[in-house]
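Asks: sequence and predicted structure are below.
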Amino acid sequence: MSLFALPFPAIDPVAFELGPLVVRWYALSYLVGFVAGWRLAIYLGRRSPIRPNGEDADAFIVWAIIGVILGGRLGYVLFYNLPVYADNPLSALRIWEGGMAFHGGLIGMLLAMYIFARVRGFRFLALGDLIAAVVPIGIFFGRIANFVNGELYGRVSDVSWAVAFPAGGGLPRHPSQLYEAFLEGLVLFIVMMVMMRSQRLRARPGTIGGTFLMLYGLFRFLVEFVREPDEQLGFLWLGATMGQLLSVPMILLGLVLVVFARPVPVEEPAPKPA
(Lines give C-alpha, C1' and ligand atoms only; values in the text may rest on other atoms or scores of the structure.)
Protein backbone atom coordinates (compact mmCIF):
# COMPACT_ATOMS: atom_id res chain seq x y z
CA MET A 1 0.00 0.00 0.00
CA SER A 2 1.31 3.43 -0.92
CA LEU A 3 1.98 5.75 2.00
CA PHE A 4 1.28 8.84 -0.08
CA ALA A 5 -1.35 11.12 1.44
CA LEU A 6 -2.49 14.67 0.92
CA PRO A 7 -1.65 16.83 3.94
CA PHE A 8 -4.61 17.72 6.12
CA PRO A 9 -5.41 21.43 5.69
CA ALA A 10 -4.53 23.30 8.85
CA ILE A 11 -7.95 24.88 9.43
CA ASP A 12 -8.56 26.22 12.91
CA PRO A 13 -11.76 24.58 14.25
CA VAL A 14 -12.48 27.92 15.95
CA ALA A 15 -14.13 30.27 13.45
CA PHE A 16 -13.76 33.40 15.59
CA GLU A 17 -13.68 34.63 19.17
CA LEU A 18 -15.54 37.55 20.74
CA GLY A 19 -14.03 38.00 24.18
CA PRO A 20 -14.91 34.90 26.18
CA LEU A 21 -17.23 33.65 23.42
CA VAL A 22 -15.59 31.00 21.23
CA VAL A 23 -17.52 30.15 18.05
CA ARG A 24 -16.51 26.94 16.28
CA TRP A 25 -17.13 25.94 12.68
CA TYR A 26 -19.12 22.98 14.00
CA ALA A 27 -21.60 25.30 15.70
CA LEU A 28 -21.74 27.56 12.65
CA SER A 29 -22.58 24.59 10.45
CA TYR A 30 -25.65 23.89 12.57
CA LEU A 31 -26.62 27.57 12.53
CA VAL A 32 -26.29 27.88 8.75
CA GLY A 33 -28.11 24.59 8.22
CA PHE A 34 -31.05 25.62 10.40
CA VAL A 35 -31.37 29.15 8.96
CA ALA A 36 -31.01 28.10 5.30
CA GLY A 37 -33.36 25.15 5.78
CA TRP A 38 -35.89 27.32 7.61
CA ARG A 39 -36.00 29.96 4.86
CA LEU A 40 -36.21 27.36 2.09
CA ALA A 41 -38.98 25.49 3.92
CA ILE A 42 -41.00 28.71 4.12
CA TYR A 43 -40.54 29.27 0.38
CA LEU A 44 -41.52 25.70 -0.49
CA GLY A 45 -44.46 25.79 1.91
CA ARG A 46 -45.87 28.84 0.15
CA ARG A 47 -45.81 26.93 -3.13
CA SER A 48 -47.36 23.75 -1.75
CA PRO A 49 -50.77 22.52 -2.97
CA ILE A 50 -51.50 21.19 0.54
CA ARG A 51 -50.55 22.10 4.09
CA PRO A 52 -48.10 22.67 5.70
CA ASN A 53 -47.86 26.14 4.20
CA GLY A 54 -45.28 28.87 4.66
CA GLU A 55 -46.67 29.96 8.03
CA ASP A 56 -46.53 26.38 9.32
CA ALA A 57 -42.91 26.06 8.17
CA ASP A 58 -42.01 29.33 9.87
CA ALA A 59 -43.52 28.21 13.16
CA PHE A 60 -41.81 24.83 13.08
CA ILE A 61 -38.21 26.10 13.30
CA VAL A 62 -38.09 26.14 17.12
CA TRP A 63 -39.52 22.61 17.26
CA ALA A 64 -36.94 21.47 14.71
CA ILE A 65 -34.01 22.89 16.68
CA ILE A 66 -35.13 21.25 19.91
CA GLY A 67 -35.84 17.90 18.21
CA VAL A 68 -32.54 17.73 16.33
CA ILE A 69 -30.28 18.81 19.19
CA LEU A 70 -31.91 16.70 21.90
CA GLY A 71 -32.41 13.69 19.62
CA GLY A 72 -28.94 13.95 18.09
CA ARG A 73 -27.24 14.12 21.46
CA LEU A 74 -29.37 11.40 23.03
CA GLY A 75 -28.79 9.18 20.00
CA TYR A 76 -25.02 9.61 20.29
CA VAL A 77 -25.13 8.76 23.99
CA LEU A 78 -27.30 5.66 23.52
CA PHE A 79 -26.02 4.30 20.20
CA TYR A 80 -22.33 5.14 20.26
CA ASN A 81 -20.95 5.84 23.74
CA LEU A 82 -23.33 4.61 26.43
CA PRO A 83 -20.71 3.11 28.82
CA VAL A 84 -18.79 6.40 29.02
CA TYR A 85 -21.87 8.49 29.74
CA ALA A 86 -23.25 5.89 32.14
CA ASP A 87 -20.15 6.45 34.28
CA ASN A 88 -20.47 10.24 34.00
CA PRO A 89 -24.08 11.16 33.13
CA LEU A 90 -23.58 14.93 33.48
CA SER A 91 -21.00 14.88 30.66
CA ALA A 92 -23.87 14.13 28.26
CA LEU A 93 -24.92 17.76 28.69
CA ARG A 94 -21.65 19.07 27.23
CA ILE A 95 -22.97 19.41 23.69
CA TRP A 96 -20.31 22.02 22.87
CA GLU A 97 -17.67 19.28 23.08
CA GLY A 98 -19.23 17.50 20.06
CA GLY A 99 -20.92 14.14 19.76
CA MET A 100 -24.14 14.10 17.74
CA ALA A 101 -25.76 11.18 15.90
CA PHE A 102 -27.73 11.74 12.71
CA HIS A 103 -30.06 8.82 13.37
CA GLY A 104 -30.82 10.17 16.86
CA GLY A 105 -31.44 13.63 15.43
CA LEU A 106 -33.79 12.05 12.90
CA ILE A 107 -35.80 10.37 15.66
CA GLY A 108 -35.96 13.64 17.61
CA MET A 109 -37.07 15.50 14.50
CA LEU A 110 -39.76 12.91 13.70
CA LEU A 111 -41.17 13.18 17.22
CA ALA A 112 -41.23 16.99 17.00
CA MET A 113 -42.88 16.79 13.58
CA TYR A 114 -45.58 14.41 14.79
CA ILE A 115 -46.55 16.58 17.77
CA PHE A 116 -46.41 19.78 15.70
CA ALA A 117 -48.58 18.34 12.92
CA ARG A 118 -51.17 17.16 15.44
CA VAL A 119 -51.25 20.56 17.14
CA ARG A 120 -51.55 22.48 13.85
CA GLY A 121 -54.04 20.06 12.31
CA PHE A 122 -52.43 18.75 9.12
CA ARG A 123 -50.84 15.54 7.86
CA PHE A 124 -47.63 14.41 9.52
CA LEU A 125 -46.34 12.84 6.29
CA ALA A 126 -46.84 16.10 4.39
CA LEU A 127 -44.66 17.89 6.93
CA GLY A 128 -42.15 15.06 6.56
CA ASP A 129 -41.93 15.71 2.82
CA LEU A 130 -41.27 19.40 3.38
CA ILE A 131 -38.62 18.89 6.04
CA ALA A 132 -36.92 16.10 4.08
CA ALA A 133 -36.41 18.52 1.21
CA VAL A 134 -34.34 20.94 3.31
CA VAL A 135 -32.46 18.57 5.63
CA PRO A 136 -29.65 17.88 3.09
CA ILE A 137 -28.52 21.49 3.55
CA GLY A 138 -27.71 20.84 7.19
CA ILE A 139 -26.12 17.49 6.38
CA PHE A 140 -23.83 19.12 3.82
CA PHE A 141 -22.52 21.80 6.16
CA GLY A 142 -22.32 19.36 9.06
CA ARG A 143 -20.08 16.96 7.10
CA ILE A 144 -17.87 19.82 5.97
CA ALA A 145 -17.50 20.78 9.64
CA ASN A 146 -16.58 17.18 10.45
CA PHE A 147 -13.79 17.43 7.88
CA VAL A 148 -12.57 20.74 9.30
CA ASN A 149 -12.47 19.14 12.75
CA GLY A 150 -10.55 16.15 11.37
CA GLU A 151 -13.12 13.75 12.85
CA LEU A 152 -15.23 10.87 11.53
CA TYR A 153 -12.56 10.18 8.93
CA GLY A 154 -12.30 7.14 6.67
CA ARG A 155 -10.32 3.94 6.72
CA VAL A 156 -6.69 3.66 5.64
CA SER A 157 -6.47 3.71 1.84
CA ASP A 158 -4.03 4.04 -1.05
CA VAL A 159 -6.31 6.19 -3.24
CA SER A 160 -4.55 9.23 -4.67
CA TRP A 161 -6.80 11.65 -2.79
CA ALA A 162 -6.29 10.05 0.64
CA VAL A 163 -5.76 12.54 3.46
CA ALA A 164 -3.47 12.23 6.47
CA PHE A 165 -5.72 13.25 9.36
CA PRO A 166 -3.74 14.19 12.51
CA ALA A 167 -6.10 12.19 14.73
CA GLY A 168 -5.86 9.23 12.35
CA GLY A 169 -2.25 8.47 13.09
CA GLY A 170 -0.98 10.38 10.07
CA LEU A 171 -1.91 7.47 7.79
CA PRO A 172 -3.54 8.02 4.37
CA ARG A 173 -7.30 7.73 4.82
CA HIS A 174 -10.48 8.19 2.82
CA PRO A 175 -11.92 11.70 3.36
CA SER A 176 -15.28 10.03 4.03
CA GLN A 177 -16.74 13.26 5.42
CA LEU A 178 -16.48 14.76 1.94
CA TYR A 179 -18.04 11.68 0.38
CA GLU A 180 -21.01 12.11 2.71
CA ALA A 181 -21.20 15.86 2.08
CA PHE A 182 -21.44 15.12 -1.64
CA LEU A 183 -23.88 12.19 -1.53
CA GLU A 184 -26.03 12.88 1.55
CA GLY A 185 -25.82 16.63 1.09
CA LEU A 186 -25.46 17.84 -2.49
CA VAL A 187 -26.85 14.86 -4.46
CA LEU A 188 -29.75 14.29 -2.08
CA PHE A 189 -30.58 18.01 -2.12
CA ILE A 190 -30.78 18.01 -5.92
CA VAL A 191 -33.05 14.96 -5.91
CA MET A 192 -35.31 16.53 -3.30
CA MET A 193 -35.59 19.83 -5.20
CA VAL A 194 -36.49 18.03 -8.43
CA MET A 195 -39.21 16.05 -6.64
CA MET A 196 -40.56 19.15 -4.88
CA ARG A 197 -41.21 20.75 -8.26
CA SER A 198 -43.86 18.11 -8.94
CA GLN A 199 -47.26 19.06 -7.52
CA ARG A 200 -48.38 15.49 -8.13
CA LEU A 201 -45.67 14.10 -5.85
CA ARG A 202 -46.29 16.75 -3.20
CA ALA A 203 -49.97 15.79 -3.19
CA ARG A 204 -48.94 12.22 -2.25
CA PRO A 205 -47.63 12.70 1.33
CA GLY A 206 -44.84 10.31 2.20
CA THR A 207 -43.39 10.00 -1.31
CA ILE A 208 -40.68 12.64 -0.96
CA GLY A 209 -39.92 11.89 2.67
CA GLY A 210 -39.75 8.18 1.92
CA THR A 211 -37.35 8.79 -0.96
CA PHE A 212 -35.16 10.83 1.37
CA LEU A 213 -35.03 7.98 3.91
CA MET A 214 -34.18 5.41 1.24
CA LEU A 215 -31.45 7.46 -0.42
CA TYR A 216 -29.86 8.73 2.78
CA GLY A 217 -29.87 5.22 4.22
CA LEU A 218 -28.35 3.82 1.01
CA PHE A 219 -25.67 6.51 0.76
CA ARG A 220 -24.75 6.19 4.43
CA PHE A 221 -24.66 2.37 4.20
CA LEU A 222 -22.26 2.53 1.24
CA VAL A 223 -19.96 5.19 2.69
CA GLU A 224 -19.64 3.16 5.88
CA PHE A 225 -17.56 0.65 3.89
CA VAL A 226 -14.77 3.25 3.71
CA ARG A 227 -15.48 5.12 6.95
CA GLU A 228 -13.51 4.21 10.06
CA PRO A 229 -15.86 2.53 12.55
CA ASP A 230 -16.24 4.16 15.94
CA GLU A 231 -13.31 3.08 18.10
CA GLN A 232 -15.49 2.20 21.09
CA LEU A 233 -17.78 0.02 18.94
CA GLY A 234 -15.73 -1.40 16.10
CA PHE A 235 -17.48 -3.87 13.79
CA LEU A 236 -20.76 -5.36 14.96
CA TRP A 237 -23.20 -8.00 13.68
CA LEU A 238 -21.90 -9.72 10.52
CA GLY A 239 -19.07 -7.20 10.33
CA ALA A 240 -21.42 -4.25 9.88
CA THR A 241 -20.89 -0.88 11.54
CA MET A 242 -23.42 0.86 13.76
CA GLY A 243 -24.09 3.35 10.96
CA GLN A 244 -25.00 0.51 8.60
CA LEU A 245 -27.24 -1.25 11.11
CA LEU A 246 -29.13 1.99 11.77
CA SER A 247 -29.45 2.73 8.05
CA VAL A 248 -31.23 -0.51 7.15
CA PRO A 249 -34.48 0.40 9.01
CA MET A 250 -34.37 3.82 7.32
CA ILE A 251 -34.25 2.23 3.88
CA LEU A 252 -37.10 -0.17 4.68
CA LEU A 253 -39.27 2.54 6.22
CA GLY A 254 -38.68 4.80 3.24
CA LEU A 255 -39.68 2.02 0.86
CA VAL A 256 -42.91 1.42 2.79
CA LEU A 257 -43.76 5.14 2.72
CA VAL A 258 -43.24 5.41 -1.04
CA VAL A 259 -45.16 2.22 -1.85
CA PHE A 260 -48.16 3.10 0.30
CA ALA A 261 -48.29 6.85 -0.42
CA ARG A 262 -51.77 7.90 -1.48
CA PRO A 263 -52.97 11.14 -3.11
CA VAL A 264 -54.89 13.64 -0.99
CA PRO A 265 -57.26 16.40 -2.13
CA VAL A 266 -55.40 19.48 -3.31
CA GLU A 267 -56.35 22.63 -1.47
CA GLU A 268 -58.02 25.30 -3.52
CA PRO A 269 -56.21 28.65 -3.41
CA ALA A 270 -57.98 31.38 -1.45
CA PRO A 271 -59.96 33.75 -3.73
CA LYS A 272 -58.29 37.10 -4.37
CA PRO A 273 -60.17 40.16 -3.05
CA ALA A 274 -62.11 42.05 -5.68
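Replies: Yep, it's here.
Asks: any stretches of the protein with poor pLDDT?
Replies: 1-4, 79-85, 87, 90-100, 232, 267-274 (pLDDT under 70).
Asks: can you map out the strands along it?
Replies: 6-7, 14-18, 21-24, 163-164, 172-173 (DSSP state E).
Asks: report all helices and strands that the third one contacts.
Replies: So the one you mean is strand 21-24. strand 14-18 (3 or more Cβ pairs under 8 Å, 6 or more residues apart in numbering; DSSP states H and E). For glycine as for every other residue, the C-beta is placed from the backbone atoms N, C-alpha and C.
Asks: circling back: minimum distance to residue 235: which of the strands of the chain has it?
Replies: Closest of the strands of the chain to residue 235 is strand 172-173, at 17.0 Å (criterion: Cβ to Cβ).
Asks: which of the strands of the chain is buried the deepest?
Replies: strand 172-173 (a mean of 23; mean count of other Cβ atoms under 10 Å).
Asks: name the helices or strands packed onto it?
Replies: When contacts are defined as 3+ Cβ pairs under 8 Å, 6+ apart, strand 172-173 packs onto strand 163-164.
Asks: circling back: and the strands of the chain as TSV, adding distance to residue 261?
Replies: Putting those into TSV (distance: least, Cβ to Cβ, whole Å) gives the following:
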stretch	distance to residue 261
strand 6-7	44
strand 14-18	41
strand 21-24	40
strand 163-164	41
strand 172-173	40
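Asks: out of these, which gets nearest to residue 258?
Replies: Residue 258 lies closest, by Cβ to Cβ, to one member of the strands of the chain: strand 172-173, at 35.2 Å.
Asks: tell me the spacing between residue 66 and residue 201.
Replies: In this view, residue 66 and residue 201 are 29 Å apart by Cβ to Cβ, to the nearest Å.
Asks: so which of those two has more stuff around it?
Replies: Legend: neighbour count by other Cβ atoms under 10 Å for residue 66 and residue 201, higher for residue 201 (17 against 14).
Asks: give the contact list for the closest residue to residue 134 other than its chain neighbours.
Replies: Closest residue to residue 134 apart from its sequence neighbours, by Cβ to Cβ, 6 or more residues apart in numbering: residue 37 at 3.8 Å. Counting by Cβ atoms under 8 Å, 6 or more residues apart in numbering, residue 37 touches 64, 134-135, 137-138.
Asks: next, give me the two most distant ones among the residues you listed.
Replies: Farthest apart among these by Cβ to Cβ are 64 and 137. That separation is 12.2 Å.
Asks: that older thread, of all the strands of the chain, which one is nearest residue 197?
Replies: strand 14-18 (34.6 Å).
Asks: tell me what that closest one is packed against?
Replies: Strand 14-18 sits against strand 21-24, helix 25-46, with contacts defined as 3+ Cβ pairs under 8 Å, 6+ apart.
Asks: turn the ones you listed into CSV, including distance to residue 178.
Replies: Listed next are the helices and strands packed on strand 14-18 as CSV, based on distance: least, Cβ to Cβ, whole Å:
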stretch, distance to residue 178
strand 21-24, 19
helix 25-46, 14
